[in-house]
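>>> build me a model from this:
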Amino acid sequence: MFKRQIEKTLAKWARSPRRKPLILRGARQVGKTTAVKLFSKNFDQYIYLNLDLEADRLIFEKGYSIADLLNAIRLEKNAPTISGRTLIFIDEIQNSPNAVHLLRYFYEFNPELYIIAAGSLLESAINIQDSFPVGRVEYAYLYPVNFNEFLSASGENELLSLLKTIPLAVITHEKLLRLFHRYTLIGGLPEIVDSYLKSEDISTLGILYEGLKNSYNDDFEKYAKSQKEKQILRHIINSVPQYAGKRIKYQGFGNSSYRSKDIAEGLRTLEKAFLIELNFPTTSCDLPVILNRQKAPKLHFFDTGLMIQLLGLQTALLDLSDLNNVYLGLITEHVVAQELKSISNSVRNTANFWTRESNQANAEVDFVIQHKNLLIPIEVKSGATGTLRSLHEYVDRAPHSYAVRLYAGEIRQDEVSTRTGKKFQLLSLPYYLAGHIHEYLEWFCK
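Numbers count the residues shown, from 1 in each chain. Purely as a prediction, here's the structure:
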């Protein structure tokens, strides 16, 4: 059990005078239950309900009023009273549409209580339009362990402290790069991280990865509506790792003969479960970001470590000095996307990318992120600054003169000219600083 940055989001929620019941979202096994358990130490009383258990689930099926429901919870959990600073955590809430529906009444009749709910495949298990109390709940998102959390769990407190100094001291570069490569290899699933930090033996993790993969398959077997849907979902889950970080087409996905419509629906199901994300391109160089959903999306898998394991690339990645040297650089781009997505727990972040498609030549920038009123392009590369053709294409069209390269080298700033002669400022950062991108942009743009 190690601290997660979601605790800051939970603490802010708890302090709010307009607090509503909180639904904590995220893929299975990213640590939602553990994070809430750690957070519960801030309360006078903690009541845990797991709706996988029949006794806990039945409490919500009796048609009780909120007052009687709270009494039933108190009796079932042997709580002397439910008052004061009491945190009630309703886990696996997808197993009871009634429990989801009742969240609105906690807000209306008992706003002083602290209610958190979590569950897997919520949108697939429950009809949101009929059951979710819109406007009477709020949401937070928990992503896999990010690099900062990995450093914290590893006891690297001095490095964490040094990371707060901008720009970072050069003497830390080699160690941080080495640790980031190890983090990429392990991934961000808490059970895997914890097991590795106890044994420091990567070879023992295969059984855990396989168990996690099987648990995801079992989830979809449970909620699929037909045998055909089960088969399609199983095919997609097994195919997703080889497409992660790439633009995809639904037709023939995974070398199958399934219809595009069936593949699209299956991918959306996985997206609802937070196992993947379909990121559509934008042609915008300025705000607002307008996505083109007619173009092929880029597929992002939720955890780079699990992806590497399923692709059989762990051995190839051991002791590398530059992650871009394996798998066409997609591993680096993928872990950077994972870091960028983890920056905020209060919104579901997306890893937007930019394209320009024409008969003469195409261009694609790996990421664009909003920093204040600017849309900043980010390329993940190992090459020299002069080879960033797509970045130059973007800058030529942008109303500003800032761009970022993430790579294996040290921090540097350069004034660069595009092929048309436009001068711009290029910030090169080691890719382990992706999670600190906004702090560095603040420093850089000044």
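
>>> first-to-last residue distance for stretch 57-66?
Terminal residues of stretch 57-66 are spaced 15 Å apart (C-alpha to C-alpha, to the nearest Å).

>>> give me the contacts around that stretch.
For stretch 57-66, contacts defined as C-beta atoms under 8 Å, 6 or more residues apart in numbering pick out 49, 51, 69, 72-73, 76, 95-96, 98-99, 102, 105-106, 109-110. (C-beta placed from N, C-alpha, C; glycine too.)

>>> so which of these belong to helices?
69, 72, 73, 76, 98, 99, 102, 105, 106, 109 (DSSP state H).

>>> so which two of the residues you listed are the farthest from each other?
Using C-beta to C-beta, these reach their maximum pairwise distance at 76 and 109, which is 19.8 Å.

>>> quick one, strands of the stretch 101-250 of the chain?
Residue ranges of the strands in the stretch 101-250 of the chain, as given by DSSP state E, counting those that start in this stretch, are 114-118, 138-141.

>>> deepest-packed of those strands, please.
strand 114-118 (a mean of 23; mean count of other C-beta atoms under 10 Å).

>>> list the strands paired with that one, with their directions.
For strand 114-118, the paired strands and their directions (DSSP bridges) are strand 22-25 (parallel), strand 86-91 (parallel).

>>> name the SS class of residue 266, please.
helix (DSSP: H, G, I helix; E, B strand; the rest coil).

>>> which residues touch it?
Contact analysis of residue 266 by C-beta under 8 Å, 6+ apart lists 229, 232, 233, 235, 236.

>>> tell me the pLDDT of the closest residue to the last one other than its chain neighbours.
To tie it back to what came earlier, the one meant is residue 236. Nearest residue to residue 236, sequence neighbours excluded (C-beta to C-beta, 6 or more residues apart in numbering): residue 266, at 4.6 Å. According to the prediction, residue 266 has pLDDT 91.

>>> can you redo the strands paired with strand 114-118 as a markdown table with mean pLDDT and mean neighbour count?
What follows is those, written out as a markdown table (pLDDT from 0 to 100; neighbours: other C-beta atoms under 10 Å):
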| stretch | mean pLDDT | mean neighbour count |
| --- | --- | --- |
| strand 22-25 | 93 | 23 |
| strand 86-91 | 95 | 23 |
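
>>> so which of these gets nearest residue 378?
Of all the strands paired with strand 114-118, strand 22-25 sits nearest to residue 378, with 25.4 Å by C-beta to C-beta.

>>> dump the C-alpha coordinates for that closest one into PDB.
Provided in PDB are the C-alpha atoms of strand 22-25 (Å, rounded to 0.1, in the frame of the first residue of the first chain):
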ATOM      1  CA  LEU A  22     -18.000  10.800  -5.700                       C
ATOM      2  CA  ILE A  23     -17.800   8.000  -8.400                       C
ATOM      3  CA  LEU A  24     -14.100   6.900  -8.700                       C
ATOM      4  CA  ARG A  25     -13.500   5.700 -12.300                       C
END
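
>>> which ones are touching the residue positioned nearest the centre of the chain?
The C-alpha lying nearest the average C-alpha coordinate of the chain belongs to residue 143 (C-alpha atoms, centre = their mean; 3.7 Å). Residue 143 sits next to 26, 30, 188, 302, 338, 341, 342, 345 when contact means C-beta under 8 Å, 6+ apart.

>>> from residue 238, how far out is the last one?
Think residue 345. Distance, residue 345 to residue 238, using C-beta to C-beta, to the nearest Å: 30 Å.

>>> between these two, which has more neighbouring residues?
residue 345 (24 against 13; other C-beta atoms under 10 Å).

>>> so is the nearest residue to the more buried one once chain neighbours are set aside in a helix, a strand, or just coil?
Distances taken as C-beta to C-beta, 6+ apart place residue 9 nearest to residue 345, at 4.1 Å, with adjacent residues excluded. Taking three-state DSSP as the rule, one finds residue 9 in the helix state.

>>> before we move on, what about residue 78?
Three-state assignment for residue 78 (three-state DSSP): coil.

>>> for residue 436, which non-adjacent residue is spatially closest?
Using C-beta to C-beta, 6+ apart, the nearest residue to residue 436 is residue 163, at 6.7 Å.

>>> neighbours of the one you found, how many?
Number of residues near residue 163 (other C-beta under 10 Å) recorded here: 21.

>>> then residue 75?
So residue 75, with other C-beta under 10 Å, has 10 neighbours.

>>> thought residue 82 was touching residue 115?
No - in this structure residue 82 lies outside contact range of residue 115 using C-beta atoms under 8 Å: 11.0 Å.

>>> mind splitting the chain into its structural domains?
According to automatic domain parsing, the chain is divided into the following domains: 6-141, 162-341, 353-445.

>>> out of the ones you listed, which is closest to residue 148?
Comparing those by their distance to residue 148 (C-beta to C-beta), the top pick is domain 353-445, with 5.9 Å.

>>> show me where the stretch 251-400 of the chain has its strands.
In the stretch 251-400 of the chain, the segments counted as strands under DSSP E, counting those that start in this stretch are 276-279, 281-282, 298-301, 353-356, 363-365, 367-371, 374-380.

>>> and which of the contacts of residue 266 is nearest residue 44?
Distances from residue 44 to the contacts of residue 266, taken by C-beta to C-beta, are shortest for residue 233, at 43.4 Å.

>>> ok, that closest one - contacts?
Residue 233 makes contact with 220, 224, 266, 269, 270, according to C-beta under 8 Å, 6+ apart.

>>> which sections of the stretch 1-150 of the chain are below the confidence cut-off?
Low-confidence segments of the stretch 1-150 of the chain, defined by pLDDT under 70, are located at 1, 121-134.

>>> one more time with 90
Along the stretch 1-150 of the chain, the parts satisfying pLDDT under 90 run over 1-3, 17-18, 28, 63, 65-67, 79-85, 94-95, 97-98, 100-112, 119-137.

>>> ok, now the stretch 201-350 of the chain?
Residue ranges of the stretch 201-350 of the chain with pLDDT under 90: 201-206, 210-230, 233-234, 237-238, 269-273, 310-331, 343-350.

>>> one more time with 80
219-225, 314-329, 345-348 (pLDDT under 80).

>>> ranges for the helices of the stretch 201-350 of the chain?
206-223, 227-243, 260-272, 304-311, 314-317, 330-341 (DSSP state H, counting those that start in this stretch).

>>> distance between the longest one and the chain's centre?
When distances are taken as C-alpha atoms, centre = their mean, to the nearest Å, helix 206-223 is centred 19 Å away from the chain's centroid.

>>> who's in contact with it?
By C-beta under 8 Å, 6+ apart, helix 206-223 touches 28-29, 120-121, 124-125, 189, 191-192, 195, 230, 233-234, 237, 269, 273, 275, 305-306, 309-310.
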